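Undergrad: prediction below, plus the sequence it came from.
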Amino acid sequence: MVKLLDIGLFALALASSAVAKPCKPRDGPVTYEAEDAILTGTTVDTAQAGYTGRGYVTGFDEGSDKITFQISSATTKLYDLSIRYAAIYGDKRTNVVLNNGAVSEVFFPAGDSFTSVAAGQVLLNAGQNTIDIVNNWGWYLIDSITLTPSAPRPPHDINPNLNNPNADTNAKKLYSYLRSVYGNKIISGQQELHHAEWIRQQTGKTPALVAVDLMDYSPSRVERGTTSHAVEDAIAHHNAGGIVSVLWHWNAPVGLYDTEENKWWSGFYTRATDFDIAATLANPQGANYTLLIRDIDAIAVQLKRLEAAGVPVLWRPLHEAEGGWFWWGAKGPEPAKQLWDILYERLTVHHGLDNLIWVWNSILEDWYPGDDTVDILSADVYAQGNGPMSTQYNELIALGRDKKMIAAAEVGAAPLPGLLQAYQANWLWFAVWGDDFINNPSWNTVAVLNEIYNSDYVLTLDEIQGWRN
Ligand SMILES: *[C@@H]1O[C@H](CO)[C@@H](O)[C@H](O)[C@H]1NC(C)=O
């Protein structure tokens, strides 16, 4: 019996690999073994048990090392991609490149055995296609990829109201306008007003949304002489009929190394300070806790200027917490979530700021502060190729159970509208980071920016006029 079953499985495996390798995905899932693909700088190995087929592919140590899967498709069609991998040396990231164009980054959580991870979606063209798995962090093992035809996205089910029961009319009007857009169009956005003006010069269109940074209002920077016009820029864009988003590179209140490698103005980085958020929160009577509140109060002054000017704010503090590279994320999710709650209470309740729409900016479930203090979800995605970033989008759909709208709050490469629609990646807005990204052709060519900014799917400043009504 056992013998027969073995033979049966073996025959099945033979049959499916014989079918899968040269063939196109049909209605069900189809798996492609990595060892049967084209290897560039990578090798087949069998030392790690648990692989399927004849082995797995390893040796991602040079930047260009990759696996190229050749896949033919009868029609243009969207597929869910999953990757079977082992990240036996810790958390890793890989790049998935479709047809030598769109790049998406996929996170491989650490583990000591092979496992599958959802790796977003790929839109196959009719005819020949390639899917490359390219180094990025390297040092992982790839067993296979599987393609399954994507199900159509069900309608969104977004919360009708903001969390803050006292939200002012401006915030409510913005939220309701955003709901009317979500799923139909994408709002164009840019970090910093002067870069938005540069886009106008290149494309004839101005971004609908401008994001500014309250970094230089951080008390530990002001003490060292910084000044800022971020609030003035935000008000100017609002007065031009635009939408404003605000983030805060919060310079640590104290404990800046201020060395040659880590200057005081890098003080939001974990590497540039010994300020310990876990220890600070554990001692609410301590001097450092007082400094933390002092900083929040200083930022409240700036947010109140925006409130007084009638500006509703897409407010995105504690960004990229889950990355750990900023001090607010350096001690793991619990202190970060606690700090988010303190910020929410201090700004909304204590300071009575009612113009804020709270935008959370991490993807992982462990880090999520909860539905009651988060209005909109977002991610920062730095991947070249002007792709739709559908992996992160789908992860955020899962995090918010499709009750929260989802924004691409910082991107390196602006997404192409045709890909956004084909992938059903309904990001509410995108905002491209400033220097070295918006004005860097390896991230965004002027031709691509023109295509994006002149697309019907992309809302620009002229097209959102009157959103307050
Ligand atoms: C406050 O933080 C600084 C910087 O990390 C640290 O040197 C100091 O010991 C902390 N103070 C207290 C009372 O914990």
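TA: In hand now; what should we look at?
Undergrad: could you pull out the helices for the stretch 51-200 of the chain?
TA: With DSSP state H, counting those that start in this stretch as the criterion, the stretch 51-200 of the chain has helices at 169-181, 193-203.
Undergrad: what's the offset of the first one from the middle of its chain?
TA: Per CA atoms, centre = their mean, to the nearest Å, the displacement of helix 169-181 from the mean C-alpha position of its chain is 22 Å.
Undergrad: which of the residues in it are buried?
TA: Buried residues in helix 169-181, counted by 16 or more other CB atoms under 10 Å: N170, A171, K172, L174, Y175, Y177, L178, R179, V181. Just so you know, the C-beta spots here come from the backbone N, C-alpha and C atoms, and that holds for glycine as well.
Undergrad: over to the shortest one?
TA: By neighbour count, and taking 16+ other CB under 10 Å as the criterion, the buried residues in helix 193-203 are L193, H195, A196, W198, I199, R200, T203.
Undergrad: the residue nearest to the first one when sequence neighbours are not counted: helix or strand, and which one exactly?
TA: With CB to CB, 6 or more residues apart in numbering as the measure, D233 is the residue that lies nearest to L193, at 4.1 Å, once sequence neighbours are left out. In this assignment (DSSP states H and E), D233 forms part of helix 230-239.
Undergrad: mind giving me the packing neighbours of the helix or strand following that helix?
TA: Using DSSP H and E, the next helix or strand after helix 230-239 towards the C-terminus is strand 243-247. Here strand 243-247 touches strand 186-191, strand 209-213, helix 230-239, helix 287-308, strand 313-316, strand 429-432, going by 3 or more CB pairs under 8 Å, 6 or more residues apart in numbering; DSSP states H and E.
Undergrad: what pairs with strand 243-247, parallel or antiparallel?
TA: strand 209-213 (parallel), strand 313-316 (parallel) (DSSP bridges).
Undergrad: residues touching that strand, excluding its own?
TA: Outside strand 243-247, the residues that touch it by CB atoms under 8 Å, 6 or more residues apart in numbering are 174, 187, 189, 208-214, 230, 234, 237-238, 303, 306, 311-317, 319, 359, 409, 429, 431, 464, 467.
Undergrad: before we move on, what about stretch 43-57?
TA: Under the criterion CB under 8 Å, 6+ apart, residues 13, 17, 31, 33-37, 39, 42, 58-59, 67, 84, 86, 88, 113-114, 141-144 lie in contact with stretch 43-57.
Undergrad: so which residues on the protein come close to the ligand?
TA: Within reach of the ligand by CB under 6 Å from any ligand atom, the chain has these residues: V254, G255, D274, F275, D276, G286, A287, N288.
Undergrad: quick one, helices of the stretch 351-469 of the chain?
TA: 390-400, 417-422, 446-453.
Undergrad: give me the angle between the last one and helix 193-203.
TA: When you say that, I think you mean helix 446-453. 100 degrees (axes from the mean of the first three to the mean of the last three CA atoms, to 10 degrees).
Undergrad: and helix 446-453, what's buried?
TA: V448, L449, E451, I452, Y453.
Undergrad: try the second one
TA: Going by neighbour count (16+ other CB under 10 Å), the buried part of helix 417-422 is P417, L419, L420, A422.
Undergrad: need these in CSV with pLDDT, can you?
TA: Converted to CSV, the buried residues of helix 417-422 look like this (pLDDT from 0 to 100):
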residue, pLDDT
P417, 98
L419, 91
L420, 95
A422, 91
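Undergrad: from the residues you listed, pick the one nearest the ligand.
TA: Using CB to the nearest ligand atom, L420 comes nearest to the ligand of the buried residues of helix 417-422, at 43.3 Å.
Undergrad: how close does the closest one get to D380?
TA: Counting by CB to CB, to the nearest Å, the gap between L420 and D380 amounts to 17 Å.
Undergrad: number of residues surrounding the nearest residue to W427 once chain neighbours are set aside?
TA: Of all residues beyond its chain neighbours, the one nearest W427 is A408 (4.6 Å), with distances taken as CB to CB, 6+ apart. With neighbours defined by other CB atoms under 10 Å, the count for A408 comes to 26.
Undergrad: okay, and the beta partners of A408?
TA: A379, F430.
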